[in-house]
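S.K.: below are the sequence and a predicted model for it; my questions follow.
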Amino acid sequence: MDKPSGQKRVGAADFKARCLEYIDQVKETRAEYIVTRHGEPVARLVPIETNKPASFIGCMRGTVLSFDRPFDPVPAVWSIDQPGDEL
């Protein structure tokens, strides 16, 4: 089985000794590492895919399922409509 380009093989003992260096490399250069034990691959260290934060504009698109008459008054009693609550 061929290793994909961009992936480097690292022995488990070397990975244990230099783990934080490898993590920094993955973060900075998006390198990928395959950790081996006795020559056999046992783990893969890869960068995570970060989701970009959604834009505030349009982030609620598609969330209203149905609103037939948006300009009709809301059937509720508001405090401003109550006598004695004038400013």
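M.R.: Nice, thanks for sending it over.

S.K.: can you tell me how far the nearest residue to residue 47 once chain neighbours are set aside is from residue 49?
M.R.: Of all residues not flanking residue 47 in the chain, residue 30 sits nearest, at 4.7 Å (C-beta to C-beta, 6 or more residues apart in numbering). (Glycine included, C-beta is placed from N, CA and C.) Residue 30 sits 10 Å away from residue 49, going by C-beta to C-beta, to the nearest Å.

S.K.: those two: which has the busier surroundings?
M.R.: Just comparing residue 30 and residue 49: by other C-beta atoms under 10 Å the higher neighbour count belongs to residue 30, 10 against 5.

S.K.: quick check: the more buried one vs residue 6, distance?
M.R.: Distance, residue 30 to residue 6, by C-beta to C-beta: 9 Å.

S.K.: how about residue 80?
M.R.: 64 Å.

S.K.: for stretch 8-16, buried residues please.
M.R.: Judged by neighbour count using 16 or more other C-beta atoms under 10 Å, the buried positions of stretch 8-16 are 10, 15.

S.K.: residue 24: helix or strand, and which one exactly?
M.R.: Residue 24 belongs to helix 12-29 when assigned by DSSP states H and E.
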